[in-house]
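Colleague: I need the structure of the sequence given here:
(one chain, ligands or ions: 1)
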Amino acid sequence: MTMSEFLPFTKPYIDEAAIAAVGDVLRSGWITSGPRMQEFERQLSAYFGGRPVRTFNSGTCTMEIALRIAGIGAGDEVITTPISWVATSNVILEVGATPVFADIDPVTRNIDLDKVEAAITPRTKAIIPVDLSGLPVDRDRLYDIAKRHKLRVVEDAAQAIGSLWQGKRIGSFGDFVSFSFQANKNLTTTEGGCLVLNNEDEARLAEKYRLQGVTRSGFDGMEVDVLGGKFNMTDVAAVIGLNQLAQLDTITARRHALARHYCATFGAGFEQQTGVQLPLANFENTNWHMFQIVLPQSVVRADFMAKMKARNIGCGVHYPPIHLFQLYRAHGFREGMFPIAESVGRRIVSLPLFPGMSEADVERVVAAVGEVLA
Ligand SMILES: *Cc1c(COP(=O)(O)O)cnc(C)c1O
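Modeller: Below you'll find the model as predicted:
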């Protein structure tokens with residue numbers, strides 16, 4: 001990439017083999033959910049240590065379905081983070097339950113588990129933690145809290161495929177674990193997602209919620225006993241996922257290398273000199289889904305982004321605090337309730353990070369950040 005070319009904040013990794021595989025499916029005569037979707041589910045299950053896995057047409061619906069399987073609805077409270085894609089809490093509203101936010105930890109930018117524990121009431125039924133940028137929430141502490149208070153967990157691991165906790169893959173242990181395969185995620189199927197479940201009963205129920213509540217038997221048997229929706233993954237999407245899953249370790253390694261190069265190029269003194277907060281330099285657990293910095297109070301983020309854009313560099317905002325959206329204000333949330341999330345949400349910026357980037361691109365971004373902040 002030359003200096004003059006626009007560098008987006010992310011770009012999907014799609015190779016010729018993926019494109020050819022899509023062509024093969026389109027020519028095969030079977031283009032919706034079928035053998036490739038089943039094969040993708042088998043391979044995902046193997047990847048997650050043999051746990052049951054079902055695929056869907058989004059990450060969002062997997063969380064809604066997990067809540068339904070857990071029997072969570074009206075009158076129940078679900079605790080989550082205000083710093084996430086709004087899907088995380090929209091699914092709580094979707095099933096008729098009440099979202100309860102707990103503020104974040106300023107260093108990890110993930111939900112603060114002390115505040116989760118403080119927010120538990122007799123009506124609390126579940127926790128939805130989010131691994132922002134792929135940096136895992138402390139799973140030992142999380143499941144200790146869940147166990148003591150008898151809560152279900154729906155891990156919003158949308159960004160965390162390939163991340164580890166104590167050497168174990170996220171998704172290979174725990175309660176429900178949800179992943180997204182949306183275009184910007186480390187593994188994409190264009191749109192899509194999967195849910196890791198605890199047992200075959202839950203998996204069967206997930207299949208019903210996925211497709212109109214239908215169960216088929218024999219040649220012509222069909223029954224409907226729950227209200228399901230339309231959330232199935234196509235074989236076209238599944239072959240892209242199969243192609244990506246085979247390369248996931250390589251993709252993650254490339255992200256690690258680029259993130260290391262960012263840290264090294266910014267250098268040890270950068271935070272002190274500029275007041276910018278770099279991401280936690282974690283190379284053990286995270287899949288480096290994003291490289292997010294938090295700007296100093298004195299910098300207006302929109303100005304920073306405009307000046308980066310003028311240098312042909314795209315930035316992202318992940319995320320504005322959910323509780324300050326109109327929909328959530330209408331549920332009683334107000335400015336000042338989650339001050340760390342509000343402060344970080346105003347100042348957080350995602351810098352370009354994707355496998356197709358070069359080390360020179362990283363250097364160009366770091367130089368531009370320095371210029372803009374000078
Ligand atoms: C991408 C994402 C989702 C939603 O996934 P979709 O596949 O777009 O429905 C949910 N939560 C987080 C944290 C995400 O990054």
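Colleague: which residues does His318 contact?
Modeller: With contact taken as C-beta atoms under 8 Å, 6 or more residues apart in numbering, His318 is in contact with Trp85, Leu132, Ser133, Met290, Gln292, Ile348, Ser350. Where you see a C-beta, it was placed from the backbone N, CA and C, and this is true even at glycine.
Colleague: Based on its surroundings, how many neighbours for the first one?
Modeller: Using other C-beta atoms under 10 Å as the criterion, Trp85 is surrounded by 19 other residues.
Colleague: helix or strand for the closest residue to it other than its chain neighbours, which one?
Modeller: Excluding its sequence neighbours, the residue lying closest to Trp85 (C-beta to C-beta, 6 or more residues apart in numbering) is Tyr319, at 6.0 Å. Per DSSP states H and E: Tyr319 is located in neither a helix nor a strand.
Colleague: just checking, Tyr319 touches Ala87?
Modeller: No - at 10.4 Å, Tyr319 does not count as touching Ala87 under the criterion of C-beta atoms under 8 Å.
Colleague: Is there a neighbour count for the nearest residue to Leu351 once chain neighbours are set aside? I'd like the number.
Modeller: Once flanking residues are discounted, Leu351 sits nearest to Phe291: 4.9 Å by C-beta to C-beta, 6+ apart. The local packing of Phe291 (other C-beta under 10 Å) involves 21 other residues.
Colleague: Check the one 4 residues further on too.
Modeller: Here the number of neighbours of Leu295 (other C-beta under 10 Å) works out to 22.
Colleague: and Gln38, helix, strand or coil?
Modeller: Recorded secondary structure, Gln38: helix (DSSP: H, G, I helix; E, B strand; the rest coil).
Colleague: Tell me how far it lies from the ligand.
Modeller: When distance is defined by C-beta to the nearest ligand atom, to the nearest Å, Gln38 is 20 Å away from the ligand.
Colleague: Equivalent analysis for Ala46, please.
Modeller: In terms of C-beta to the nearest ligand atom, Ala46 sits 22 Å off from the ligand.
Colleague: Quick check: which element contains that residue?
Modeller: Counting by DSSP H and E, Ala46 is part of helix 35-47.
Colleague: I'd like the distance from that helix to the chain centre, please.
Modeller: The gap between where helix 35-47 is centred and where its chain is centred comes out at 20 Å by C-alpha atoms, centre = their mean, to the nearest Å.
Colleague: Residues touching that helix, excluding its own?
Modeller: Applying C-beta under 8 Å, 6+ apart, the external contacts of helix 35-47 come out as 25, 51-55, 169, 171, 194, 196, 232-235, 237-239, 241-242, 245, 248.
Colleague: what's near enough to touch Phe291?
Modeller: Ser133, Leu258, Ala259, Tyr262, Pro279, Ser350, Leu351, Pro352, Leu353.
Colleague: buried sites along the helix or strand containing Val25?
Modeller: Per DSSP H and E: Val25 is located in helix 16-28. Within helix 16-28, the residues that count as buried by 16 or more other C-beta atoms under 10 Å are Ala18, Ala21, Val22, Val25.
Colleague: Quick check, the last one in contact with Val236.
Modeller: Yes - using C-beta under 8 Å, Val25 is in contact with Val236, at 5.1 Å.
Colleague: Can you pull the residues that touch both of the two?
Modeller: Jointly contacting Val25 and Val236 under the rule C-beta under 8 Å, 6+ apart are Ile31.
Colleague: all helices for the stretch 51-200 of the chain, in order.
Modeller: 60-69, 87-94, 113-119, 139-148, 200-210 (DSSP state H, counting those that start in this stretch).
Colleague: Packed most tightly, which of these would that be?
Modeller: Across the helices of the stretch 51-200 of the chain, averaging neighbours per residue (mean count of other C-beta atoms under 10 Å) puts helix 60-69 on top, at a mean of 26.
Colleague: Perfect, that will be all.
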